[in-house]
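1. I'll drop the sequence and a predicted model, then ask my questions.
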Amino acid sequence: MKTLRLTWRAAPPAAEDFERFLQGIPCFQDLRITCRDGSELLMDNILERISASPPPRSPLQTDNTAGFLSDLRILQLIGGSLHAWRCIPLIFQWPHRKRLTLDINLSHADISREVLDALVGLPDEGIDLRISNRSNDGDDTEEE
């Protein structure tokens, strides 16, 4: 499995720069990102791109959505907060994303009731989705 694990102790790169980096090496199957607070734009951008990315060789593809991380099987995001919650149910509407394990561990979660209702039903559909609240003990690393 092709894995990339990144930890930023300071501010993460600009979302657009990181997206270009990921587009340059699209074959990752396991992407794990740990950021301190202030990483919302980076994580939001990843979720937005994945939710708008049809399967490879799909007639729905455009130059901007063509197979973004289409081989991804595990996505782990650890950070402060997230705004793109509405993208998560959309991700799993794509057939090539049904086997994706999505693990989100944040210190702050502000989810609308409508999106929360959609998220709660995903495990019943066989989706591997984990959302947890990161402890504020100052340790951003996760033991395996």
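-> Happy to help now that I have it.
2. May I ask which helix or strand of this protein has the lowest mean pLDDT?
-> Evaluated with mean pLDDT, DSSP states H and E, the helix-and-strand set of the chain has its lowest mean pLDDT in helix 15-24, which scores a mean of 88.
3. I would like the residues contacting that one, please.
-> Applying Cβ atoms under 8 Å, 6 or more residues apart in numbering, the external contacts of helix 15-24 come out as 12-13, 28, 31, 41-42, 44-46, 49, 68-69. In short, each C-beta sits where N, CA and C put it, glycine included.
4. After that helix, which helix or strand is next?
-> Following the chain from helix 15-24 toward its C-terminal end, the next helix or strand by DSSP states H and E is strand 30-35.
5. quick one: the strands in the protein?
-> Using DSSP state E, the strands of the chain run over residues 3-8, 30-35, 74-79, 101-106, 128-133.
6. okay, the ones you listed, which one's buried deepest?
-> With neighbours taken as mean count of other Cβ atoms under 10 Å, these reach their highest mean count in strand 74-79, at a mean of 21.
7. Please identify the pairing partners of it and their relative orientation?
-> Its sheet considered, strand 74-79 pairs with strand 30-35 (parallel), strand 101-106 (parallel) by DSSP bridges.
8. give the contact list for the residue nearest the centre of the chain.
-> Ranked by distance to the mean C-alpha position of the chain (Cα atoms, centre = their mean), the top residue is residue 47 at 4.6 Å. Contacts for residue 47 were tallied using Cβ under 8 Å, 6+ apart; they are 77, 82, 84, 87-88, 91.
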